[in-house]
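> Attaching a predicted model along with its sequence, questions to come.
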Amino acid sequence: MSCPICKSINTGKVGHNTYYCSDCLLEFTENGGEVQIFYIDAEGSSFPLKDKETALKVAEACKNGNDLVQEEKLEELILKSETLER
């Protein structure tokens, strides 16, 4: 499966309908044609991102080694949902 964020073919399956892109360093799920994108922090916590545009910003920051994903910045990027299931 190619990455819905950067279109790379350097992806791998890490779980049921869950994939990881080694180029943009993000994880994504595909379920019934709907894609959800996740940032995985250094401790292994998963954070759902708002949209593809946000995912591209996070991916670029990760590739450049920027510490963009600090707690206060991460709060602006993640999808807020009490009912989000992964």
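Perfect, thanks for sending it.
> which SSE is the residue nearest to the spatial centre of the chain in?
Central residue of the chain (C-alpha atoms, centre = their mean): Phe38, 2.8 Å from the mean position. Phe38 is part of strand 34-40, with elements assigned from DSSP states H and E.
> strand partners of that strand, parallel vs antiparallel please.
If you go by DSSP bridges, strand 34-40 pairs up with strand 26-31 (antiparallel), strand 46-48 (antiparallel).
> tell me the mean pLDDT over the longest one?
So that's strand 26-31. Taken as a whole, strand 26-31 has an average pLDDT of 90.
> lowest confidence element among the helices and strands of this structure?
Lowest on mean pLDDT, DSSP states H and E among the helices and strands of the chain sits helix 71-77, with a mean of 61.
> picking up where we left off before, closest one to Glu60 among the strands paired with strand 34-40?
The closest of the strands paired with strand 34-40 to Glu60 is strand 26-31. By C-beta to C-beta, the value is 10.9 Å. C-beta here means a position set from N, CA and C on the backbone, and glycine is covered the same way.
> Give me the contact list for the closest one.
The contact list for strand 26-31 (C-beta atoms under 8 Å, 6 or more residues apart in numbering) reads 1, 3-5, 14, 17-21, 35-40, 46, 49, 55, 58-59, 62, 86.
> Could you pick out the buried ones from those residues?
Among the contacts of strand 26-31, those classed as buried by 16 or more other C-beta atoms under 10 Å are 3-5, 18-21, 36-39, 49, 55, 58-59, 62.
> Can you list which of the residues you listed are found in strands?
Judged by DSSP state E, these include 18-21, 36-39 as members of strands.
> ok, Cys3 to Ser45 distance?
Computed as C-beta to C-beta, to the nearest Å, the Cys3 to Ser45 distance reads 21 Å.
> Oh, that last question was meant for Tyr20, not what I typed.
According to C-beta to C-beta, Tyr20 stands 15 Å off from Ser45.
> ok, now Tyr19?
In this view, Tyr19 and Ser45 are 18 Å apart by C-beta to C-beta.
> What of Val14?
Going from Val14 to Ser45 by C-beta to C-beta gives 15 Å.
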